[in-house]
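# For reference, the sequence and a predicted model appear below.
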Amino acid sequence: MRRPRALLAMSDYAFTTQFGPAELARLHALADLPATLHVERLDTPQAHALLADVEVLITSWGCPPIDADVLAAAPRLRAVLHAAGTVRQLCTDALWERGVVVTTSAGANAVPVAEFTLGAIILAGKRAPYLAAAAGEGAPDWFRHRDRFGVASNHDVTVGVVGFSRIGRLTVGLLQPLGWRVLVHDPVVDADAIRAAGAEPTSLDDLLRRSDVVTVHAPDLPSTRGMIGARELGLMRDHTTLINTARGAIIDTEALTRECVSGRLNAMLDVTDPEPLPRTSPLYRLPNVMLTPHIAGSQGPETRRMSAHTLDELERLVRGEPLVSQVRREQLAVIA
């Protein structure tokens, strides 16, 4: 089993966070590595010298686009294994035209996002973030606040999942043991696949009208930007919670701000548009809005899931086995 020549390209932070002693030992067992095994930039003379005999590039956050200049310096490159989520920022036309194999660890990154989403849905049902924030306004009067944000209950709940993506699918699976109704809207996924997962396929409008909690898991594409705007928000029942762990641009921020300022809707936002919001945004000060700084995805030791997935792909590549998370050019039209 011949070990391919490999190089890691990512930020210093990603490298030190994702590749500890165990990961590096496994990497050395699978690949032939230079003395300098990690670079942040691919446009320096040092990087070009290292790329000259590289067959596999292992990338993560902070890796620059792999453009024609990089490819000219790497004539033997045959695979890019990405130890993070989206590969959009990496993949140039030149990379696809070269026929380089590209994989992603987005499936591993989906796990903590789905876990975060499940926790957010449960807390939203009990109105916990909003009641906690309201208590900060002064001495808490629990009965005065009890119905301010909607009835605090996780009984007989309907959850709407917008986007049957990797994260959307995992979220639906995590919801199944709770016995709640789960609605899913995804125009590019077969309805039978949604039913097989235990959810009900439906239109976006129907989902918004019927759900107690709406959670967004659609990719950021030209067709999805602003897909939940003033009209769509107006379909949602009073005190519905809108959760977004996907991308901020999917929701019209101004329209959502108006609904939350009025107190009609609640929101739990891990992503916003813009990100971060300007300090003047009312969303920072509303008790019915919980803002978190894009933490739903892999953080700290959670990122090692993606390292392990990438090393699994490297091992399959070395053994000549099929890869499980290959990304093809045509898929970028529908995936994150």
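Noted; the coordinates are in hand.
# next helix or strand past the longest helix along the chain?
Scanning the chain for the helix with the most residues, using DSSP state H, yields helix 106-125. Downstream of helix 106-125, the next assigned helix or strand under DSSP states H and E is helix 128-135.
# Show me what that following helix is packed against.
When contacts are defined as 3 or more CB pairs under 8 Å, 6 or more residues apart in numbering; DSSP states H and E, helix 128-135 packs onto helix 142-145, strand 289-291. Where C-beta positions appear, they are placed from N, C-alpha and C, glycine not excepted.
# how far does it sit from the chain's center?
Mean-position distance between helix 128-135 and its chain equals 26 Å (CA atoms, centre = their mean, to the nearest Å).
# Stretch 329-336 now?
15 Å.
# can you pull out the helices in the stretch 51-200 of the chain?
Per DSSP state H, counting those that start in this stretch, the stretch 51-200 of the chain carries helices over the ranges 68-73, 93-98, 106-125, 128-135, 142-145, 166-175, 191-196.
# what comes up buried for the third one?
For helix 106-125, burial by neighbour count (16 or more other CB atoms under 10 Å) applies to 106-114, 116-118, 120-121, 123-125.
# For the helices and strands packed on helix 128-135, which has the smallest mean pLDDT value?
If those are sorted by mean pLDDT, helix 142-145 sits at the bottom with a mean of 65.
# got the domain boundaries for the chain?
6-103+300-333, 108-291 (automatic domain parsing).
# hmm, back to that, for the longest helix of the chain, packing partners?
Partner elements for helix 106-125 (3+ CB pairs under 8 Å, 6+ apart): helix 166-175, strand 213-216, strand 241-244, strand 266-269, helix 304-319.
# so residue 188 makes contact with residue 333?
No - counting by CB atoms under 8 Å, residue 333 is not a contact partner of residue 188; they are 9.3 Å apart.
# before we move on, the earlier item: compare the helices of the stretch 51-200 of the chain and say which comes out lowest on pLDDT.
helix 142-145 (a mean of 65).
# pLDDT-wise, which helix or strand of this protein ranks last?
helix 142-145 (a mean of 65; mean pLDDT, DSSP states H and E).
# Flag the shaky bits of this structure, pLDDT-wise.
Flagging of the chain using pLDDT under 70 yields the residue ranges 1, 138-146, 336.
# how deep is the nearest residue to residue 36 once chain neighbours are set aside tucked in, by neighbour count?
Take residue 36 and drop its neighbours on the chain: the residue closest to it by CB to CB, 6 or more residues apart in numbering is residue 50, 6.4 Å away. A count of neighbours around residue 50, defined by other CB atoms under 10 Å, yields 22.
# For the closest residue in space to residue 322 that isn't next to it in sequence, which residues are in contact?
In space, and not counting its chain neighbours, residue 322 is closest to residue 316: 6.9 Å by CB to CB, 6+ apart. By CB atoms under 8 Å, 6 or more residues apart in numbering, the contact list for residue 316 reads 322-324.
# which one of those has the most neighbours?
Comparing the contacts of residue 316 by number of neighbours (other CB under 10 Å), residue 323 comes first, having 16 neighbours.
# Identify the residues contacting it.
Counted by CB under 8 Å, 6+ apart, residue 323 has contacts 101, 103, 313, 316-317.
# Ok, residue 52 next?
Here residue 52 is in contact with 73-76 (criterion: CB under 8 Å, 6+ apart).
# make it 10 Å
Residue 52 is in contact with 5, 73-76, counting by CB atoms under 10 Å, 6 or more residues apart in numbering.
# For PyMOL, write a command that selects the buried ones of those.
Only the buried entries of the contacts of residue 52 go into this PyMOL selection, using 16+ other CB under 10 Å:
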select buried, resi 5+73+74
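# Farthest pair within the contacts of residue 52?
5 and 73 (13.6 Å; CB to CB).
# shared neighbours of the two, which are they?
Common contacts of residue 5 and residue 73 (CB under 10 Å, 6+ apart): 50-52, 54.
# Could you single out the nearest of the residues you listed to residue 258?
Closest approach to residue 258 among those (CB to CB): residue 51, at 51.0 Å.
# wait, isn't that closest one in contact with residue 39?
Yes - using CB atoms under 10 Å as the test, residue 51 is close enough to residue 39 to be in contact (8.9 Å).
# any shared contact partners between the two?
What both residue 51 and residue 39 touch, as defined by CB under 10 Å, 6+ apart, is the set 7, 9, 57.
# burial count for residue 105?
27.
# which residues sit in contact with it?
Counted by CB under 10 Å, 6+ apart, residue 105 has contacts 18, 60, 81-85, 87, 298, 303, 305-313, 325.
# Swap in 8 Å and give it another go.
82-85, 305-307, 309-310, 325.
# Of the residues you listed, which is the most crowded?
residue 83 (33 neighbours).
# what residues are up against residue 28?
Per CB under 8 Å, 6+ apart, neighbours of residue 28: none.
# Can you give the distance of the helix or strand hosting it from its chain's centre?
Assigned by DSSP H and E, residue 28 belongs to helix 21-30. Chain-centre distance of helix 21-30: 27 Å, with CA atoms, centre = their mean.
# Using CSV, write out the CA atom coordinates for it.
Backbone C-alpha positions of helix 21-30 (Å, rounded to 0.1, in the frame of the first residue of the first chain) are rendered in CSV as follows:
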residue,chain,number,x,y,z
PRO,A,21,-1.1,13.9,18.5
ALA,A,22,-3.6,11.1,17.6
GLU,A,23,-4.6,12.6,14.3
LEU,A,24,-1.0,13.4,13.3
ALA,A,25,0.1,9.9,14.1
ARG,A,26,-2.6,8.4,11.9
LEU,A,27,-1.8,10.9,9.2
HIS,A,28,1.9,9.9,9.2
ALA,A,29,0.8,6.3,9.0
LEU,A,30,-1.3,7.0,5.9
